[in-house]
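J.: the following block contains a protein sequence and its predicted model.
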Amino acid sequence: PHLAPLPPLSVSMPKAERGTPKDIANRSKARGLQRLRWYCQMCSKQCRDENGMKCHMTSESHLRMMCNFAQNAGGIVADFSKDFEHMYMETLRRCHGTKRVNANNVYQEVIRDKHHVHMNSTRWTTLGDFVQYLGKASRCLVEETERGWYVQFIERDPVQLAREEAVRKRHDAERAQEERVAR
């Protein structure tokens, strides 16, 4: 007798029941960026909870990275600080130009990127310390108000400065021409 072929079996894993630890872990994993509290900057490793971080900190790869860090701590922190400053200044320049904006708003834009450098791996302990550094280094105009720190990008690009100077000269020439015609 001839048997008809059986339909293919679709084997799928059952979904975790709603509310179980497995379901909660899967949903938090799907969300993307998680709490900074459980992030290892040296390894670029995001852990989901305290237990995951504890396991990561005892892993061989993390301990190897920490040995490397111990040999050149100053250089590594300096690199992270330079990278963080570059990301912050680039976000400020690109998104806000030379407008005066709240420093925390710019910081929130920086940390939206999942692969940003975390401030706790830089030489600055707070955003206020970082903003004060930017002011002392003349990278930004900085002002402290009752509503927080405000920063304003200082444009130093020679091409952009030349373009603005040309626009200003053209406006001055137009104004002078209008005055001559009005007489």
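T.: Sure thing, it's come through.

J.: which residue packs closest to residue 123, ignoring adjacent ones?
T.: If the residues on either side of it in the chain are set aside, residue 123 comes closest to residue 81, at 4.8 Å by C-beta to C-beta, 6 or more residues apart in numbering. In this view, the C-beta of every residue, glycine as well, is placed from N, C-alpha and C.

J.: what does the helix or strand hosting the one you found rub up against?
T.: Per DSSP states H and E: residue 81 is located in helix 73-96. Contacts with helix 73-96, where a contact means C-beta atoms under 8 Å, 6 or more residues apart in numbering, come from 41-42, 68-69, 101, 106-107, 109-110, 113, 116-119, 121-124, 130, 134, 139-140, 151, 153.

J.: write the PyMOL selection for whichever of those residues are buried.
T.: Typed into PyMOL, the line below selects the buried ones among those, using 16 or more other C-beta atoms under 10 Å:
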select buried, resi 41+101+106+107+109+110+116+117+119+121+122+123+124+130+134+139+140+151+153
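
J.: where strands are concerned, which of the contacts of helix 73-96 count?
T.: Among the contacts of helix 73-96, the members falling in strands (DSSP state E) are 101, 140, 151, 153.

J.: pretty sure the first one is touching residue 151, no?
T.: Read it as residue 101. Yes. Here residue 101 reaches residue 151: they are 6.4 Å apart, a contact under C-beta atoms under 8 Å.
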